[in-house]
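Q: got a predicted structure here, sequence first:
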Amino acid sequence: MVMKAVLFIFSFCIYGLAQAATPQDFLKTYESQSGKASASKGEQFFNAKHGKEWSCASCHENPPNHEHIVTGKVIKPLAPSANPARFTDEAKVDKWFKRNCNDVLGRECTAQEKADVIAWLISVK
């Protein structure tokens, strides 16, 4: 019985993320998994090194709207105000959080870390 309840809650969380179509939808989903997001913590997280040599800003710069520092490829802005396509596609959000968090942290980001970063990026004008 407990296992069924856990599976139901997990399915609900996954379903909620699958339906996300806006940055605010992703933010709400991550907050439901972790707690209230903090834009200031998101900005600090984005700019800090976390035990590895890189921070998010190492590649994306701050403000996050320049070319990739290492490859020289253009990275479209992360802030939804400058790039409305950001945080609208579940597969892309999952892929890039997984890849970039692993590069910066050596692990996947927590739901709280994702919520904080998205909250900050939503606030960037």
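A: Perfect, I can see it now. Numbers count the residues shown, from 1 in each chain.
Q: what sits against residue 46?
A: By C-beta atoms under 8 Å, 6 or more residues apart in numbering, the contact set of residue 46 is 55, 56, 57, 60, 62, 64, 117, 120. No exception for glycine: its C-beta is placed from N, CA and C like everyone else's.
Q: go with 10 Å
A: 55-57, 60, 62, 64, 78, 104, 113, 116-117, 120-121, 124 (C-beta atoms under 10 Å, 6 or more residues apart in numbering).
Q: drop anything exposed from those residues.
A: Buried residues within the contacts of residue 46, counting neighbours by 16 or more other C-beta atoms under 10 Å: 55-57, 60, 64, 78, 104, 113, 116-117, 120-121, 124.
Q: between those, which sits nearest residue 85?
A: Nearest to residue 85, judged by C-beta to C-beta, of these is residue 78 at 10.9 Å.
Q: quick check: residue 39 vs residue 124, distance?
A: Using C-beta to C-beta, to the nearest Å, residue 39 is found at 9 Å from residue 124.
Q: wait, I meant residue 79
A: 4 Å.
Q: how about residue 32?
A: Remark: distance between residue 32 and residue 124 (C-beta to C-beta) = 23 Å.
Q: alright, calling it a day.
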